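> coords please:
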Amino acid sequence: MTPAPGPRRVPGLRREELADLAGISHDYYTRLEQGRDRRPSPEILDALAHALRLDAPTTRHLHHLAGHLPRPEPACTELPAGLAELLTVWRDIPAVVQTATLDVLAATPPATALAPFYRPGANLLRAAFLTPEVHRLHADAPTLVARAVATLRAQADHTPDDPRVLALRDELLSRSAGFRAMWQRYEVNPPPVGELTLTHPVVGPLTLTYQRFAVPAHPGILLVVHSAEPGSPSERALDRLLADTGTPTPPGRA
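Below is the predicted model:
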């Protein structure tokens with residue numbers, strides 16, 4: 001069905017248009033929307049997700065809200081030995097190992113020099129909402145903070161009974177109006193790749209790309225690696241930061 005033309009008071013599909021796209025009756029969709037039917041089948045949820053063009057993480061969130069997801073394995077909270085060894089080899093790369101609740105488990109010296117909250121024991125969400133450091137350092141802080149909240153929301157979907165997730169969520173809900181507003185946006189799809197634009201107090205402005213890698217053998221553990229475009233002013237600024245930490249510049253960039 002093609003949405004009917006004509007003026008709309010708000011953007012988006014009308015109720016009957018969404019029901020038709022999902023292949024369900026208007027009456028049944030109305031009951032779902034009004035909360036009079038709280039147990040739609042997985043097939044109905046998939047049909048609605050398809051009609052709304054939801055991506056996979058958001059579709060998973062829809063199933064979570066309806067109580068259809070199986071109980072997952074608990075997330076890891078300890079630093080895997082293999083990643084600890086890898087970070088000793090990657091001493092010239094800004095790299096961070098963190099949990100699904102954004103607790104930093106390990107960081108290379110360049111990462112800690114890049115941002116003081118990249119240090120073992122810190123929590124990136126607490127830093128984002130309860131200290132001014134993130135907003136002073138990151139020109140794109142609102143985007144990064146939103147991605148961090150989406151990461152926690154995704155983990156809350158995956159392990160809804162995890163006491164660490166619940167404790168962090170409840171703490172920030174009680175202490176930060178900004179977190180409360182972002183939590184209500186229900187964003188659950190943090191991108192694995194993105195950019196950071198920083199104004200560093202030592203080396204000045206630089207733009208880095210970051211990539212987030214899940215560790216399948218250790219659910220909930222993420223490896224985040226930062227890099228600069230080869231030959232760019234940001235790479236030169238990163239090299240100055242390496243020199244400031246006493247880390248040798250990688251071969252080929254000296």
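> buried ones in the lowest-mean-pLDDT helix or strand in the chain?
Here the helix or strand of the chain ranked lowest by mean pLDDT, DSSP states H and E is helix 56-65, holding a mean of 80. Neighbour counts over helix 56-65 (16 or more other CB atoms under 10 Å) mark 57-64 as buried. Heads up, the C-betas are built off the backbone N, CA and C, glycines and all.
> can you put those residues in CSV and add distance to residue 234?
As requested, the buried residues of helix 56-65 are exported to CSV (distance: CB to CB, whole Å):
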residue, distance to residue 234
57, 30
58, 33
59, 36
60, 35
61, 35
62, 39
63, 41
64, 39
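> which one of these is nearest to residue 190?
Closest approach to residue 190 among these (CB to CB): residue 57, at 8.5 Å.
> name the nearest residue to that closest one, ignoring sequence neighbours.
Spatial nearest neighbour of residue 57, chain neighbours left out: residue 189 (4.2 Å); criterion: CB to CB, 6 or more residues apart in numbering.
> ok, the residue most central in space within the chain - contacts?
Nearest to the geometric centre of the chain sits residue 151, at 3.1 Å (CA atoms, centre = their mean). Residues in contact with residue 151, defined by CB atoms under 8 Å, 6 or more residues apart in numbering, are 100, 102, 190.
> could you do residue 229 as well?
The neighbours of residue 229, taking CB under 8 Å, 6+ apart as the test, are 207, 209, 235.
> the residue nearest to residue 57 and residue 55 touch, don't they?
Yes: between residue 189 and residue 55 there is a contact under CB atoms under 8 Å: 5.8 Å.
> what number of residues lie near residue 245?
Per other CB atoms under 10 Å, the neighbour tally for residue 245 reads 16.
> what is the subsequent helix or strand relative to the longest helix seen in the chain?
Counting by DSSP state H, the longest helix found in the chain is helix 141-158. Downstream of helix 141-158, the next assigned helix or strand under DSSP states H and E is helix 163-175.
> ok, back up a step: just the pLDDT for the residue nearest to the centre of the chain.
Here, the pLDDT recorded for residue 151 equals 89.
> next: residue 6.
Looking at residue 6, its pLDDT is 55.
> and residue 174, by the same measure?
We have a pLDDT of 97 for residue 174.
> same check, this time on the one 10 residues further on
The model reports residue 184 with a pLDDT of 91.
> give me the number of residues near it?
Taking other CB under 10 Å as the criterion, the count of residues near residue 184 is 9.
> do the same with residue 111
Residues near residue 111, counting by other CB under 10 Å: 23.
> next: the one 10 residues further on.
Residue 121: 7 surrounding residues under other CB under 10 Å.
> circling back to that earlier point, residues in contact with the least confident helix or strand of the chain?
Residues from elsewhere that reach helix 56-65 (CB under 8 Å, 6+ apart): 42, 45-46, 48-49, 54, 69, 153-154, 157, 160, 186, 188-189.
> same check, this time on stretch 198-209
Against stretch 198-209 from outside (CB under 8 Å, 6+ apart): 94, 113-115, 136-139, 193-197, 226-229, 232-234, 237-238, 240-241, 244.
> out of those residues, which sit inside strands?
193-197, 226-227 (DSSP state E).
> which single strand of the protein contains the most residues?
Using DSSP E, we find that the single longest strand of the chain is strand 204-214.
> that one pairs with which strands, parallel or anti?
Looking at strand 204-214 with DSSP bridges, its partner strands are strand 193-200 (antiparallel), strand 222-227 (antiparallel).
> which positions within it qualify as buried?
Under the neighbour-count criterion of 16+ other CB under 10 Å, strand 204-214 has 206-208, 210, 212 buried.
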